[in-house]
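>>> got a predicted structure here, sequence first:
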Amino acid sequence: MFSISKLGVAVGLAVFAVAAQADITVGVNVSATGPAASLGIPEKNTFSLMPKTIAGQKVNYIVLDDASDTTTAVKNARRFVTEDKVDVMVGSTITPNSLAMVDIAAETGTPVISMAASAIIVEPQDAKKRWAFKTPQNDAEMAKAIVEHMQAQQVKTVAFIGFADAYGEGWYQEFVKVAQAAGIKVLTNERYNRTDTSVTGQVLKMIAAKPDAVLIGAAGTPAALPQKTLKERGYRGKYYQTHGVANNDFLRVGGKDMEGTFLPAGPVLVSEQLPADHPVKASATEYVQKYEAAYGKGSVSTFGAHAWDAGKLIEAAVPVALQKAKPGTPEFRAALRDALENAKNVAGAHGVFNMSASDHVGLDNRSRVMVTIENGAWKLLK
């Protein structure tokens with residue numbers, strides 16, 4: 001028979017074993033409907049491919065749709081931290097919604113990994129943004145790629161039009177800095193809303209400026225509107241878009257008006273065209289094969305790959321955090337934050353992540369290539 005003391009030890013060990021096996025909960029907020037749906041749907045789909053266990057611990061993914069609406073993003077994030085008691089949040093798809101989630105992440109001590117692009121989500125690092133990470137390449141890194149291409153194309157003047165929100169502002173600020181340093185003059189700073197159906201007034205001002213090229217600082221299918229309008233009005237200069245349009249829905253909506261467009265993108269967009277020795281080819285190909293096996297040939301997009309990379313970071317951080325605390329506790333959330341910040345050589349679909357206390361993106365120039373649109377498809381520029 002067990003003695004009382006031995007029975008107490010046995011019960012204590014049993015309780016510890018149950019606690020040690022507590023599930024890890026990930027709250028995922030995507031814009032699967034609304035203006036950003038073409039970005040959010042592949043992100044949502046990607047979470048069905050995520051590992052169901054990490055380091056022997058079961059992982060639960062709670063996926064909610066914020067409908068491209070900031071108020072709903074806040075509501076979803078509040079639910080994650082108060083009702084679902086998540087260990088980490090992923091989201092959102094777009095910059096304004098991600099910024100709203102960062103506020104809640106900091107308030108509750110819950111790490112959040114954004115799938116939106118703007119650097120302001122994680123910069124400058126401070127007491128609030130230390131809880132925030134993101135997987136898309138920074139605007140500054142992609143702006144450099146665009147400017148380098150413009151220089152090679154002898155572009156001297158550019159007209160800019162972008163979203164009237166944090167995404168458009170972030171892109172304008174970053175592009176102007178890089179362009180001016182390269183001797184390229186930015187002639188206009190026009191804006192429009194994601195839900196607008198006409199940009200004729202803005203386009204007429206851009207054409208009147210007679211730029212060598214235009215840059216559209218927008219994302220998803222709404223980014224096609226200024227370019228289609230410029231084409232209708234007869235603009236014959238060079239067209240540049242951001243990595244915010246790198247999916248097949250943009251090609252479908254834009255049609256022939258997108259032919260010849262230049263843009264920077266993650267290597268995953270053209271993984272089959274990458275040379276065998278490209279440092280991201282293997283990790284990008286892994287995602288493409290898994291996504292297309294589930295959703296069909298040609299269905300992959302760079303936005304789903306941002307979700308995949310968030311999963312890769314979580315997969316790398318969880319075993320480290322488990323050494324310090326158990327899931328479902330403030331200590332585990334803090335340990336997970338620290339592990340994300342120290343993640344090294346994590347191979348994702350877009351690049352190789354090396355985070356630090358001052359860099360919560362962790363990507364370098366291996367995470368970008370320049371592509372063009374040719375015959376309705378993406379083509380890698382050599």
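Structure received.
>>> need the residues that contact stretch 332-345.
87-88, 109-111, 113, 130-131, 133, 313-314, 316-318, 320-326, 352-357, 360, 362 (Cβ atoms under 8 Å, 6 or more residues apart in numbering). No exception for glycine: its C-beta is placed from N, CA and C like everyone else's.
>>> list the buried ones in the lengthiest helix in the chain?
Longest helix of the chain, by residue count under DSSP state H: helix 302-322. Within helix 302-322, the residues that count as buried by 16 or more other Cβ atoms under 10 Å are 302-318, 320-322.
>>> just to revisit the earlier point, buried ones among the contacts of stretch 332-345?
Here, 16+ other Cβ under 10 Å leaves 87-88, 110-111, 113, 130-131, 133, 313-314, 316-318, 320-322, 325-326, 352-353, 355, 360, 362 buried among the contacts of stretch 332-345.
>>> what about the helices in the stretch 1-150 of the chain?
Secondary structure of the stretch 1-150 of the chain (DSSP state H, counting those that start in this stretch): helices at 4-20, 37-46, 70-79, 95-108, 139-152.
>>> now the first one: average pLDDT?
The average pLDDT within helix 4-20 is 45.
>>> equivalent analysis for the second one, please.
The pLDDT scores in helix 37-46 average 95.
>>> any chance you could map the helices in the stretch 201-350 of the chain?
Along the stretch 201-350 of the chain, counting by DSSP H, counting those that start in this stretch, helices occupy 224-232, 248-254, 281-295, 302-322, 330-341.
>>> between these, which gets the lowest average pLDDT?
Lowest mean pLDDT within the helices of the stretch 201-350 of the chain: helix 248-254, at a mean of 93.
>>> redo the helices of the stretch 201-350 of the chain as a markdown table? Include distance to residue 98.
Below are these laid out as a markdown table (distance: least, Cβ to Cβ, whole Å):
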| stretch | distance to residue 98 |
| --- | --- |
| helix 224-232 | 23 |
| helix 248-254 | 20 |
| helix 281-295 | 21 |
| helix 302-322 | 11 |
| helix 330-341 | 16 |
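>>> ok, which of these comes nearest residue 269?
helix 302-322 (5.1 Å; Cβ to Cβ).
>>> give me the distance between the closest one and the centre of its chain.
12 Å (Cα atoms, centre = their mean, to the nearest Å).
>>> next: stretch 262-272.
Worked out by Cα atoms, centre = their mean, stretch 262-272 lies 14 Å from the chain centre.
>>> mean confidence for it?
For stretch 262-272, the mean per-residue pLDDT is 95.
>>> how much space separates residue 286 from residue 294?
13 Å (Cβ to Cβ, to the nearest Å).
>>> higher neighbour count, these two?
residue 286 (17 against 12; other Cβ atoms under 10 Å).
>>> my read is that that one contacts residue 312, right?
No - counting by Cβ atoms under 8 Å, residue 286 stays clear of residue 312, with 9.8 Å between them.
>>> you'd agree residue 217 is up against residue 242?
Yes - judged on Cβ under 8 Å, residue 217 makes contact with residue 242 at a distance of 5.9 Å.
>>> shared neighbours of the two, anything?
Joint contacts of residue 217 and residue 242 (Cβ under 8 Å, 6+ apart) are residue 171.
>>> okay, these two: which has more neighbours?
Neighbours were counted for residue 217 and for residue 242 using other Cβ under 10 Å; residue 217 has more, 28 against 25.
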